[in-house]
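Engineer: Just need the structure, nothing else, for what follows:
(2 chains)
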Amino acid sequence: AQSVTQPDIHITVSEGASLELRCNYSYGATPYLFWYVQSPGQGLQLLLKYFSGDTLVQGIKGFEAEFKRSQSSFNLRKPSVHWSDAAEYFCAVGVNQFYFGTGTSLTVIP
Amino acid sequence: GAVVSQHPSWVICKSGTSVKIECRSLDFQATTMFWYRQFPKQSLMLMATSNEGSKATYEQGVEKDKFLINHASLTLSTLTVTSAHPEDSSFYICSARDLGQGGLGNTIYFGEGSWLTVV
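Structural biologist: Below you'll find the model as predicted:
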């Protein structure tokens, strides 16, 4: 069965510190992989996506993610977090239907 | 990037009435759109997959007669909540699939969401 796991429900980091949000999935084949960010009361904005090719993908706002097939993971990273990065982050996988993780809430402290 | 517009952003309706939410892909044609419901501090729950020109596919547990979905054109899908009740109050989000040039892409873009409050 297909599933997406974001093990960290909530993460707190200091501004300027590095960030890694974890995403693991279970899928029959290699799916398309996405990371979205959601600010309170708003829709979801696409940060980055992986279809094929280079397993390290760059996204908007300084985010990157690395696809590791052997670990069925697609972790999101940012070298230096800004206060404006505080939001909810969702990992999604799929091909024709898309499955979302439960989200990771990021708090950034000054 | 591609844009998906959702309207209205906020709507308040009386219990027993119906309300329609529109989802438009503004710069691409979307043969497939998705409707989600999101409860506070929770993930997105897929309600149905809307395919242009055909009936929507509803997820288990979603009442198709209550949540009417119409995808009459390649750029517009609508969700109508019929005979709304307070428990239908929620954040509804649509998304549209952009297959890109030659159908080689497969990216999902989301609308801004619609807050529905039933009083």
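Engineer: Below-threshold pLDDT in chain B: ranges please.
Structural biologist: Within chain B, the ranges that satisfy pLDDT under 70 run B:1-2, B:101-105.
Engineer: all strands for it, in order.
Structural biologist: For chain B, the strands defined by DSSP state E occupy B:4-7, B:10-13, B:19-25, B:32-38, B:44-51, B:57-58, B:67-73, B:76-81, B:90-98, B:107-110, B:114-118.
Engineer: So what's the gap between the helix or strand bottoming out on mean pLDDT in chain A and the chain middle?
Structural biologist: None of the helices or strands of chain A scores lower by mean pLDDT, DSSP states H and E than strand A:98-100, at a mean of 85. In terms of C-alpha atoms, centre = their mean, to the nearest Å, the centre of strand A:98-100 is found 12 Å from the chain centre.
Engineer: Which strands or helices does that strand pack on?
Structural biologist: When contacts are defined as 3 or more C-beta pairs under 8 Å, 6 or more residues apart in numbering or on different chains; DSSP states H and E, strand A:98-100 sits against strand A:3-5, strand A:87-94. All C-beta spots, glycine's among them, are computed from the backbone N, C-alpha and C.
Engineer: anything in the longest one near chain B?
Structural biologist: Yes - with C-beta under 8 Å from any C-beta of the partner chain as the criterion, chain B is reached by strand A:87-94 at A:90, A:92.
Engineer: okay, the angle between that strand and strand B:90-98?
Structural biologist: Angle, strand A:87-94 to strand B:90-98, by axes from the mean of the first three to the mean of the last three C-alpha atoms, to 10 degrees: 50 degrees.
Engineer: So which of the helices and strands packed on strand A:98-100 is the most surrounded?
Structural biologist: strand A:87-94 (a mean of 23; mean count of other C-beta atoms under 10 Å in any protein chain shown).
Engineer: Pull the distance from that strand to the chain's centre.
Structural biologist: Its chain's C-alpha centre and that of strand A:87-94 lie 5 Å apart, by C-alpha atoms, centre = their mean.
Engineer: Name the residues that touch that strand?
Structural biologist: Here strand A:87-94 makes contact (C-beta atoms under 8 Å, 6 or more residues apart in numbering or on different chains) with A:2, A:4, A:6, A:21, A:23, A:25, A:27, A:31-40, A:44, A:47, A:74, A:76, A:98-101, A:103-106, B:43-44, B:108.
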